[in-house]
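>>> have a look at this prediction, sequence included:
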Amino acid sequence: EYGIQKIENLRIRELVTHMIQLNPTDRFYAGKYLQEWSAEFPEYFSTLHKFIYELRELDPDATVKKITENFDELLKSFGANLSDPQALDEPKPSLFQSDDALILLKKNSLALQRLSDYAQTKHKSDIAEGCTIILAILCAMLRNVKSGSKLSILECLQTMDHYVDDYCRLQIIVPYIVSLLTEPADPSALVRAFAIKILTAILLNVQLFTTHDGPV
């Protein structure tokens, strides 16, 4: 009770209090909370909740495919301006359906660099919150999907890396990518090569490495 009272925002305090009621029947389901406390959630939460709800019945590979097919729209809903001509003047085809992923990697390099430069001028914290949710889903799938899906996930991780902070890079993204390279390493040479490429690019974006991140 004392901890809850320390929450300054009255509406958030009411929300937390309602969510932790001892009797489960007194609590709302997620959609109801989004309706009753809509002003306290980011604008994209309602759309994201419906999208994630649709993933429940899909297997891991189908889940990754659905996310990658809707990836640009998800980023837009988080606040990313993907209509910027410099960020998009190179095509961004999906690696999921590619027969020659190495060619796509080369074609995407310039566009990803321009996206990185553009992202530095945005309020990344607003976008990062949404990216973190998608990151959690994709990273959970990384070790249990086919090679094509892994390439798609790695491509998404590289794009979202431009919007998240160093904590997310070092504590979430990097460990999952490293898991593809350590024992047992992923059997696909292409996946391992792409993982090294993405890992190198992400580490170059790290601005602050604290003692807390030492084990990484």
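Thanks, I have it. Numbering: from 1, shown residues only.
>>> where are the low-confidence patches of this structure?
For the chain, applying pLDDT under 70 flags the ranges 1-2, 82-126, 211-216.
>>> which residue is nearest the centroid of it?
The residue lying closest to the centre of the chain (C-alpha atoms, centre = their mean) is residue 135, at 2.8 Å.
>>> would you confirm that that residue contacts residue 164?
Yes. Between residue 135 and residue 164 there is a contact under C-beta atoms under 8 Å: 7.5 Å. All C-beta spots, glycine's among them, are computed from the backbone N, C-alpha and C.
>>> what element comes up after the helix or strand where the residue nearest to the centre of the chain lies heading to the C-terminus?
Taking DSSP states H and E as the criterion, residue 135 maps to helix 124-141. Using DSSP H and E, the helix or strand that follows helix 124-141 in sequence is helix 147-161.
>>> tell me what that following helix is packed against?
Where contact means 3 or more C-beta pairs under 8 Å, 6 or more residues apart in numbering; DSSP states H and E, helix 147-161 is packed against helix 60-69, helix 71-78, helix 101-119, helix 124-141, helix 174-178, helix 189-204.
>>> closest to residue 14 out of those helices?
Nearest of those to residue 14, taken as C-beta to C-beta: helix 124-141 at 21.4 Å.
>>> now do the closest one against helix 60-69: the angle between them, please.
Orientation check (axes from the mean of the first three to the mean of the last three C-alpha atoms, to 10 degrees): helix 124-141 against helix 60-69 gives 160 degrees.
>>> chain center to helix 124-141, what's the gap?
3 Å (C-alpha atoms, centre = their mean, to the nearest Å).
>>> any buried residues in it, and which?
The neighbour-count check on helix 124-141 (16 or more other C-beta atoms under 10 Å) flags 124, 127-132, 134-135, 138-139, 141 as buried.
>>> output that helix as CSV - backbone C-alpha positions only.
Taking Å, rounded to 0.1, in the frame of the first residue of the first chain, the C-alpha atoms of helix 124-141 are listed here in CSV:
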residue,chain,number,x,y,z
LYS,A,124,13.8,7.9,-29.8
SER,A,125,12.4,7.2,-26.4
ASP,A,126,8.8,7.3,-27.7
ILE,A,127,9.6,4.8,-30.4
ALA,A,128,11.9,2.6,-28.2
GLU,A,129,9.0,1.7,-25.9
GLY,A,130,7.1,0.1,-28.7
CYS,A,131,10.2,-1.5,-30.2
THR,A,132,11.0,-3.1,-26.8
ILE,A,133,7.7,-5.0,-26.9
ILE,A,134,8.3,-6.3,-30.5
LEU,A,135,11.9,-7.1,-29.5
ALA,A,136,10.8,-9.3,-26.7
ILE,A,137,8.6,-11.4,-29.1
LEU,A,138,11.2,-11.7,-31.8
CYS,A,139,14.0,-12.6,-29.5
ALA,A,140,11.9,-15.3,-27.8
MET,A,141,11.5,-16.9,-31.2
